[in-house]
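Enquirer: Predicted model and sequence follow; I will ask about them next.
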Amino acid sequence: AQSVSQHNHHVILSEAASLELGCNYSYGGTVNLFWYVQYPGQHLQLLLKYFSGDPLVKGIKGFEAEFIKSKFSFNLRKPSVQWSDTAEYFCAVNARDSSYKLIFGSGTRLLVRP
Amino acid sequence: DAMVIQNPRYQVTQFGKPVTLSCSQTLNHNVMYWYQQKSSQAPKLLFHYYDKDFNNEADTPDNFQSRRPNTSFCFLDIRSPGLGDAAMYLCATSRAHLSYNEQFFGPGTRLTVL
């Protein structure tokens, strides 16, 4: 069965610090990869996605993620976080052969201190 | 703006009293999903509709049912809510495409069971 692991459940950073959130998945086939963000009191929204091509993808608000196939990883990065990045971040995987099903990780709560 | 709307945002029900949550979309997407998200956990897919075709997840309890009367609306019925059903319920939509499955989420309905 497919699964997604996010190893950091809570992360606390100061503004301007660099961010890297880990995401690993278990599935042997071809996958689509996503990062969703949920700001306090708001709905889940897409941050960035990878389907194919350049494994380094850029998303909104200065976020990027790198797909490393050999490590089954899709880590999220941002060079300099802002207080407004305080949110919960979910990694998600969709296997190409079950295209309607999105498997989420358990999420990482990021708190950015001003 | 095209969007996914969920009503109500907060729902309180009594143990065993049936409750219906609603979701509507203006995106004209073929696929609609219902997720259950408990505190500090990943969203868990309950079922989805591809047009009128209903697809239940194997581990979704029989207590949960769904209806999709037309493209725009989808309902989640909980026949006899238990205390363990208290959660955030998320509706999402996507266009049907084999290699692309970005899902758009509504704001969720937080269900409290007394």
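Expert: Done, it's in. Residues are numbered from 1 along each chain as shown, chains lettered A, B, ... in the order given.

Enquirer: With adjacent residues omitted, what lies nearest to the residue most central in space within chain B?
Expert: Among the residues of chain B, the one closest to the centroid is B:Trp34, at 2.7 Å (CA atoms, centre = their mean). Leaving aside its sequence neighbours, B:Trp34 sits nearest to B:Leu46 (CB to CB, 6 or more residues apart in numbering or on different chains; 4.6 Å). C-beta coordinates here come from the backbone N, C-alpha and C atoms, glycine included.

Enquirer: what do you get for B:Ser80?
Expert: Nearest non-adjacent residue to B:Ser80 (CB to CB, 6+ apart): B:Gly16, at 5.0 Å.

Enquirer: show me what contacts that neighbour?
Expert: By CB atoms under 8 Å, 6 or more residues apart in numbering or on different chains, the contact list for B:Gly16 reads B:80-82.

Enquirer: Go ahead and build a PyMOL selection from the buried members of the residues you listed.
Expert: Listed next is the PyMOL selection for buried residues among those, using 16 or more other CB atoms under 10 Å in any protein chain shown:
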select buried, chain B and resi 81
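
Enquirer: related to what we said a few turns ago, quick one: the residue nearest to B:Ser80 from B:Leu114, how far?
Expert: Distance, B:Gly16 to B:Leu114, by CB to CB, to the nearest Å: 10 Å.

Enquirer: same deal with B:Ser72?
Expert: 31 Å.

Enquirer: Those two - which one has more neighbours?
Expert: B:Ser72 (16 against 10; other CB atoms under 10 Å in any protein chain shown).

Enquirer: Just confirm the more buried one contacts B:Ser22, I think it does.
Expert: No. Using CB atoms under 8 Å as the test, B:Ser72 is too far from B:Ser22 to be in contact (10.7 Å).

Enquirer: what about the strands in chain B?
Expert: Applying DSSP state E to chain B gives strands spanning B:4-7, B:10-13, B:19-25, B:31-37, B:44-50, B:53-56, B:64-67, B:73-78, B:87-94, B:104-105, B:109-113.

Enquirer: can you put the ones you listed in TSV and add distance to A:Val57 and mean pLDDT?
Expert: Below are those laid out as TSV (distance: least, CB to CB, whole Å; pLDDT from 0 to 100):
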stretch	distance to A:Val57	mean pLDDT
strand B:4-7	24	94
strand B:10-13	36	96
strand B:19-25	26	97
strand B:31-37	23	95
strand B:44-50	24	93
strand B:53-56	29	92
strand B:64-67	33	96
strand B:73-78	30	97
strand B:87-94	19	95
strand B:104-105	19	92
strand B:109-113	32	96
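
Enquirer: out of those strands, which comes closest to A:Asp85?
Expert: A:Asp85 lies closest, by CB to CB, to one member of these: strand B:104-105, at 19.0 Å.

Enquirer: Which other helices and strands does that closest one contact?
Expert: The contact analysis (3 or more CB pairs under 8 Å, 6 or more residues apart in numbering or on different chains; DSSP states H and E) places strand B:104-105 against strand B:87-94.

Enquirer: Who does the strand it packs on pair with, and is each partner parallel or antiparallel?
Expert: Strand B:87-94 has its sheet partners listed here by DSSP bridges as strand B:31-37 (antiparallel), strand B:104-105 (antiparallel), strand B:109-113 (antiparallel).

Enquirer: Include distance to A:Glu88 when you put those into JSON lines, please.
Expert: Listed next are the strands paired with strand B:87-94 as JSON lines, based on distance: least, CB to CB, whole Å:
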{"stretch": "strand B:31-37", "distance to A:Glu88": "10"}
{"stretch": "strand B:104-105", "distance to A:Glu88": "13"}
{"stretch": "strand B:109-113", "distance to A:Glu88": "15"}
